[in-house]
Every structure is written in structure tokens, then in C-alpha cells.
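Engineer: predicted model and sequence follow; I will ask about them next.
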Amino acid sequence: MREKMNRNFSEWYNDIIEKAEILDIRYPVKGLYVWFPYGFKVRKYVLDVIRELLDKTGHQEALFPLLIPEHEFAKEAQHIKGFEDEVFWVTHGGREPLNVKLALRPTSETAIYPMFLVWVRSHADLPIKIYQIVNVFRYETKHTRPLIRLREITTFKEAHTVHESMESAEAQIEEAIQIYKNFFDELGVPYSVIRRPDWDKFPGAVYTMAFDTIFPDGRTLQIGTVHNLGQNFAKTFNIKFEDSEGNQQYAYQTCYGISDRVIAALLVTHGDDHGLCIPPKVAPIQCVIIPIWYKNKKDEVDREVVKLKEELKDLRVHVDDRDIRPGSKYFDWEIKGVPLRIELGPKDIEEGKVTVVRRDTMERTTISRENVKESVKRILASITDNLKARAWDEFKKKIYEATSLENARKIIKEGRGVVRLGWCGDEACGKIIEDEIDADFLGIVDEKKDGVCLGCGRTSRNMIQVGRSY
RNA sequence: GGGGCCGUAGGGUAGUUUGGUCUAUCCUCGUGGCUUCGGGAGCCAUGGACCUGAGUUCAAAUCUCAGCGGCCCCA
């Protein structure tokens, strides 16, 4: 079912994103795209999931400005070094040049932390756990790609926390990782949790944990990151609190984010040659009803459709009453990934049944007209479970363990997936591995396993993951 | 960072090598109508395009340069 998608993934992706009405890619600026109403609904339901998870763990949603003055943006040396080549600058107000250049946020640490300076006074103010969901801008010079590499990241969920100790910050990192695991599990998107190497961590962080998923072409996509900032930013932004003994101390901070890429992963993970398959939880339409009008029985069918829709009203149901052939409707809703289709025609009415077709397996069955609601809910639940199980199965098949660099290089070159191997911990060995395999050093995976470093042959306690990334 | 290919209706294309009946092809699509409707309906009528700018020329979709945009490969 996934042949074409696997054969030319890039083509499939661009095609489906437009045909399923997720994004209109025709906006006349490179790297900027338009959310269609249907795609925007998927985005909304996905955001509902993350909001709920954050809110119930004590995070509060806030909103900070888009523009950041140059003097704040430039405070943290590592941070600016990491971002300066990709910042859009606002230099004019009308025709007048501005005294202070304003950056369009590429991320919001430097917009938020000057305010933390003002907000944080005492240990009683801590911890602070806030988040915002905003757009951020990055001047990408490489090929941009819808939802994956954007100049305007339209959906950037960033959480920022402040703590009185490193232990508390570490605990926050654990919580954040768990929240993201729950989030991706809800969406049925498989992932590895990986500690990025020091040379590839977030600019200004002590360390970075990342969530990577794997696409059908074998390349990995980073879909979430969690950073422990230690006191790095607190020191440059002078964020101090008075502890219970009356001493002034620098605060400890973390931040963690997800972006549009989550939507890309969601669509790609469950898609196939027929189009998308959106998990019921985040599907804009969970169930589409297709009336089958036949030989002057249109009124009778329509009456029954109204009744059926009413019975299913606590689901997101849509009746497709367009004046086109049923077959044409089937194709449309399959592309858009509606998880369940119900066909209702004269024959069904006569037999006291409805015809249902589930999108994940394309299986067609008839179910009794009585207790339709329970049956439909049961099928939707089954679709949810099946999608997740299937996704993890395919994901695991793309993770290889390599005992030699040549072996690893071959697997990656053929686009089969990612490779795990031993690493002693030296940066020099990391570079050797990266060069020899001709792929990215993604980082240390969280499952421990003893082995041999493929860079130098010494024993290693860590397994790292290597692959080509987006 | 380096290199290559490309830009024609809403989408996909023919035409560009060799400038000239191109008044621009075909499929899809839009609109109006009639018949249809259990896997992309049929017929009739009708609508819609040469990326932008400059240049060469009697003449530019076609040649040159620049810009913008897209795709691919290598580091």
C-alpha cells in the first residue's frame, strides 16, 4: 500500500500536502505557505492535545512580542552565533531608519528572559513554567519544504521554565520528555529520544535532548527538543532570586519546543498511496457520511442520513451531499484521511444496516443500523490503536545496529533508515564516524548498551544513532 | 559552500534545439444546462496561460543578461 510513497517520497509529500488541502504552497514568497481551512483544523486539534498536556502539568500559556531589540538579542554569545545568519531584521519604521534594529524572533529566549529578570525576585516565585504557541522566522537559504524547513515556522510551541536548583531543572527536563512522549503517543508518531552531542546542542544550552522520527526515505526528522540551559542565560540576562537564607543566586532554566514538523510527521507516518490517514483524535472529520441516491429514492435516503447524523452528533461528522458521483467522493475523503466513511443507500435502509469503510485498512463491512454510535466509536478506537501499532512496527524496522563503518554507510546510503553503533565519547571519534559513514551524528540514544567505539576501537558504554536528517 | 536542470491556464503538459500561420497543443479543471448516482459519469455550450524586468531583432513562449521562484546532485 505504501509503494509509491516509498518509491518517490518527496513527490508524494508535495503532492499530498496540496491535494489533501493541508497547505497551499503557491504563496509568492519562498518558504512561506498558506494553511487551508482543513489543514488548519488538523493543526488546531494537534495543538489541543499539547495544550491539555502542558496545562495539566502546571504550565501557563502566555504571549510575548514578535520583535526583539538588537541589544537583547545579542546578549548571549553562543546563542547569537547560532542564529545570526538566519535572522530577519526590521530596520525601518515607514521610511525612517530605526535607532534600534528589531529582530523577528527566530526563537524567543531573548524576548522572554528580559521579562524573567523583572518577574523573578524570590525563591517563592519559582518555579515559573510558561509556554507560548507562536510563529517564528528563520532566513533559510537551503531548499525550503512545507512544514519541514520553513522561513516562517507558523506553529512554534516553546515552553520556558525557571528553577532554583539544577536538580529542579533536571526534574523539569524529565517531565518535559514525558509530556512529549505522551504527546507523540497520542498522535501515534514513533520516536527515539536522543541526547545531541555537544557540538550540535542548542546554542546556549548545557545539553539538548531531541525526539527524532524516521521518514519512509530513511531520513530522520527532529520533531521535538528539550534543553537544559543551566545558568547560562540567567547569567547573561541577570536573572537572580533571593533564596530562603537571603542570598542572591542565579536561576536555572530549561526550554523545550515543538513545531510544524509534528504535523509533517503525523501526516507522513500514517499516510499511504491513497493519501492521508488522520488519527481520529485529531481528524477534522472523524466520520463522513455519503448518501447513495438511487432511482427516485433521494428523499428517503436524505431523511435517513439526517437521522444518522443526529445520532452521531458527538463525533465530528460531515455529510457529503455534493452533486457528484459517490466514487468521486470516496477518493476525495481518502486523500484527506478521514478515518471512517459511512455509505447509506436504499439497500442499507431496506436491510437496516449501514456500510462502513475504515481508512487504515480500507476494509468494507456492514454494521447494524441499531447501536450505530457504539459500533462507530469502537471502530474509531480500533483505528487509533492500529495506526499506532503499525507506525511503531515500521519505525523499528528502520533502526539497524552496525558492527562496522562500511556496513553502516551502506545501510544509510540505501535509504533504509538509521544506524546504532558504539561510541567512546570523544569528539574526534564522532567526527571520524560522521565522515566515514557520510551521515549526521544524531546523538546518544537512551537505551544503554556496552560495545566498541567504531571510531577508535575502545570499549564504549553508549549507543549512538547516525543517519541522514532533514 | 559548489555545481546542474527548470519556470507555458487552478493543476499536469506540447511547442523552445533552427525566432515568423502560436490567432499556443492535449488532459484535467471552472461556469451554465440536461440525463445520472453502491469506486474518479456522459453529452452540449462556454471560460482560462507564455514568471518579472531590461536587451537583441522588422519580428521573442523561443536568443542574451539580471531578478524572483522551483527541483536535483556534491561538499
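Structural biologist: Right, received. Where do you want to start?

Engineer: where are the low-confidence patches of the stretch 351-470 of chain A?
Structural biologist: Low-confidence segments of the stretch 351-470 of chain A (pLDDT under 70): none present.

Engineer: flag every residue of it that's near RNA strand B.
Structural biologist: A:355, A:357, A:362, A:364, A:438 (C-beta under 7 Å from any atom of the strand). C-beta here means a position set from N, CA and C on the backbone, and glycine is covered the same way.

Engineer: can you put those in TSV and add neighbour count, distance to A:Arg7 and secondary structure?
Structural biologist: Shown next, in TSV, are these (neighbours: other C-beta atoms under 10 Å; distance: C-beta to C-beta, whole Å; DSSP: H, G, I helix; E, B strand; the rest coil):
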residue	neighbour count	distance to A:Arg7	secondary structure
A:Thr355	18	32	strand
A:Val357	19	26	strand
A:Met362	13	20	coil
A:Arg364	11	27	strand
A:Asp438	13	23	coil
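
Engineer: and of those residues, the nearest to A:Trp119?
Structural biologist: A:Asp438 (47.3 Å; C-beta to C-beta).

Engineer: residue contacts, the closest one?
Structural biologist: A:409, A:412-413 (C-beta atoms under 8 Å, 6 or more residues apart in numbering).

Engineer: ranking by neighbours, what's the top pick from these?
Structural biologist: Within the contacts of A:Asp438, most neighbours by other C-beta atoms under 10 Å means A:Ile412, with 23 neighbours.

Engineer: helices and strands around the helix or strand where that one lies, which ones?
Structural biologist: Using DSSP states H and E, A:Ile412 sits in helix A:405-413. Contacts defined by 3 or more C-beta pairs under 8 Å, 6 or more residues apart in numbering; DSSP states H and E place helix A:405-413 against strand A:418-423, helix A:427-437, strand A:462-467.

Engineer: outside of the longest one, which residues touch it?
Structural biologist: Spelled out, it's helix A:427-437. Contacts of helix A:427-437 (C-beta under 8 Å, 6+ apart): A:197-199, A:405, A:408-409, A:412, A:419, A:421, A:423, A:440-441, A:453-456, A:464, A:466.

Engineer: and if we set it to 7 Å?
Structural biologist: Helix A:427-437 has contacts (C-beta atoms under 7 Å, 6 or more residues apart in numbering) with A:197, A:199, A:405, A:408-409, A:412, A:423, A:440-441, A:453-456, A:466.

Engineer: out of the residues you listed, who's nearest A:Glu351?
Structural biologist: Looking across the contacts of helix A:427-437 and measuring by C-beta to C-beta, the closest to A:Glu351 is A:Ile412, at 54.6 Å.

Engineer: which residue sits closest to the closest one in space, ignoring its chain neighbours?
Structural biologist: Closest residue in space to A:Ile412, ignoring its immediate chain neighbours: A:Ala439 at 4.8 Å, by C-beta to C-beta, 6 or more residues apart in numbering.

Engineer: follow-up on the earlier one: okay if I get the helices and strands packed on helix A:405-413 as CSV plus distance to A:Val306?
Structural biologist: Output for the helices and strands packed on helix A:405-413, formatted as CSV (distance: least, C-beta to C-beta, whole Å):
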stretch, distance to A:Val306
strand A:418-423, 51
helix A:427-437, 61
strand A:462-467, 52
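
Engineer: go through those and name the closest to A:His59.
Structural biologist: Closest approach to A:His59 among the helices and strands packed on helix A:405-413 is made by strand A:462-467 (29.0 Å; C-beta to C-beta).

Engineer: on contacts alone, who are the packing partners of that closest one?
Structural biologist: Secondary structure elements in contact with strand A:462-467, counted by 3 or more C-beta pairs under 7 Å, 6 or more residues apart in numbering; DSSP states H and E, are strand A:418-423, strand A:440-445.

Engineer: count of neighbours near A:Lys75?
Structural biologist: For A:Lys75, using other C-beta under 10 Å, the count is 18.

Engineer: now it. Its backbone dihedrals?
Structural biologist: phi -70, psi -50 (degrees, to the nearest 10).

Engineer: what's the helix holding A:Ile412 in contact with?
Structural biologist: A:400, A:402, A:417, A:419, A:421, A:433, A:436-439, A:454, A:466-468.

Engineer: quick one, it and helix A:427-437 angle?
Structural biologist: Relative orientation of helix A:405-413 versus helix A:427-437 (axes from the mean of the first three to the mean of the last three C-alpha atoms, to 10 degrees): 60 degrees.

Engineer: alpha carbons of helix A:405-413, as PDB, please.
Structural biologist: Written as PDB, here are the backbone C-alpha positions of helix A:405-413 (Å, rounded to 0.1, in the frame of the first residue of the first chain):
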ATOM      1  CA  LEU A 405      31.500   1.700   9.500                       C
ATOM      2  CA  GLU A 406      31.200   0.300   5.900                       C
ATOM      3  CA  ASN A 407      28.100  -1.700   7.000                       C
ATOM      4  CA  ALA A 408      26.600   1.500   8.500                       C
ATOM      5  CA  ARG A 409      27.400   3.600   5.500                       C
ATOM      6  CA  LYS A 410      25.800   1.100   3.200                       C
ATOM      7  CA  ILE A 411      22.500   1.000   5.100                       C
ATOM      8  CA  ILE A 412      22.300   4.800   5.200                       C
ATOM      9  CA  LYS A 413      23.200   5.300   1.600                       C
END
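
Engineer: out of the contacts of A:Asp438, who's nearest RNA strand B?
Structural biologist: A:Lys413 (8.4 Å; C-beta to the nearest atom of the strand).

Engineer: who in chain A is up against RNA strand B?
Structural biologist: Close to RNA strand B, as judged by C-beta under 7 Å from any atom of the strand, chain A has residues A:10, A:14, A:26, A:28-31, A:141, A:143-145, A:274, A:292-295, A:298, A:323-328, A:330-332, A:334-335, A:343-349, A:355, A:357, A:362, A:364, A:438.
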